[in-house]
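Trainee: mind looking at a prediction? Sequence and model below.
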Amino acid sequence: DAKTTQPPSMDCAEGRAANLPCNHSTISGNEYVYWYRQIHSQGPQYIIHGLKNNETNEMASLIITEDRKSSTLILPHATLRDTAVYYCIVRVAGTASKLTFGTGTRLQVTL
Amino acid sequence: GAVVSQHPSRVICKSGTSVKIECRSLDFQATTMFWYRQFPKQSLMLMATSNEGSKATYEQGVEKDKFLINHASLTLSTLTVTSAHPEDSSFYICSASPGTNSPLHFGNGTRLTVT
């Protein structure tokens, strides 16, 4: 699986949009971009995934650049409960394959 | 949907004893489940891939005789930490997916403390 690079930490004010970047410059054509988050002492929670089109669900939006070498996860109105470590992971499509976790971005949402 | 349940959430055991952790897919069947371990302030590290009806596949450096995995049904995988030692104290997390194009979903983890 392609390696991803994320900033180690970010801050965001409550109510503002949180934009979390991820670089995956060696991504292959058959690899999806997945985002998970882990709140302290819990298992990772699935957020969203995409191949090349932008995606939106009730939790977040995922913007993937046209060359697919980077993406941004957007939490439109961050709350204190969004404080967590966010992981960007690439995974081969069409398989029940494992996820390889990097170090992620620690997002701190503040009042 | 796609709920993965782990039990117990916390366990404390004495050095030298064995501990079993259960991972269940509640609303789907999973031929494959994954076991991860996470030490404090570190990321998740894959330990092994659990395959229903066959032997588990272990990552390099993970002792298969120490971490016994049994995937006896399509909804249950167990991880047994045998002869536990304090250095085995960690957060153990399992995951499974409803299908090949579906996301992996994770249990809430088991915090093991070996005294």
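Mentor: Great, that's in hand.

Trainee: which one of the residues in chain B is closest to chain A?
Mentor: residue B:106 (3.7 Å; CB to the nearest CB). In this view, the C-beta of every residue, glycine as well, is placed from N, C-alpha and C.

Trainee: that residue pairs with what?
Mentor: Taking DSSP bridges as the rule, residue B:106 bridges to residue B:95.

Trainee: count the residues that sit near it.
Mentor: By other CB atoms under 10 Å in any protein chain shown, the residues close to residue B:106 number 24.

Trainee: so it sits against residue B:92, correct?
Mentor: No: Residue B:106 lies out of contact with residue B:92 (CB atoms under 8 Å); the separation is 11.3 Å.

Trainee: now do the SS call for residue 68.
Mentor: In the absence of a named chain, chain A is used. coil (DSSP: H, G, I helix; E, B strand; the rest coil).

Trainee: that one reaches residue A:27, doesn't it?
Mentor: Yes: using CB under 8 Å, residue A:68 is in contact with residue A:27, at 5.4 Å.

Trainee: just the pLDDT at residue B:66, thanks.
Mentor: For residue B:66, the pLDDT comes out at 97.

Trainee: quick one: it and residue B:81 touch, right?
Mentor: Yes: with contact defined as CB under 8 Å, residue B:66 reaches residue B:81; the gap is 7.0 Å.

Trainee: in terms of neighbours, single out the busier of the two.
Mentor: residue B:81 (24 against 15).

Trainee: show me the strands in chain B, by range?
Mentor: Using DSSP state E, the strands of chain B run over B:4-7, B:10-13, B:19-25, B:32-38, B:45-51, B:57-58, B:67-73, B:76-81, B:90-96, B:105-106, B:110-114.

Trainee: export those strands to CSV and tack on distance to residue A:31?
Mentor: Below are these laid out as CSV (distance: least, CB to CB, whole Å):
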stretch, distance to residue A:31
strand B:4-7, 23
strand B:10-13, 36
strand B:19-25, 25
strand B:32-38, 18
strand B:45-51, 17
strand B:57-58, 21
strand B:67-73, 27
strand B:76-81, 26
strand B:90-96, 18
strand B:105-106, 20
strand B:110-114, 30
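
Trainee: out of these, which is closest to residue A:106?
Mentor: For residue A:106, the closest of the strands of chain B is strand B:32-38, at 14.4 Å, according to CB to CB.

Trainee: elements contacting that closest one?
Mentor: strand B:19-25, strand B:45-51, strand B:67-73, strand B:76-81, strand B:90-96 (3 or more CB pairs under 8 Å, 6 or more residues apart in numbering or on different chains; DSSP states H and E).
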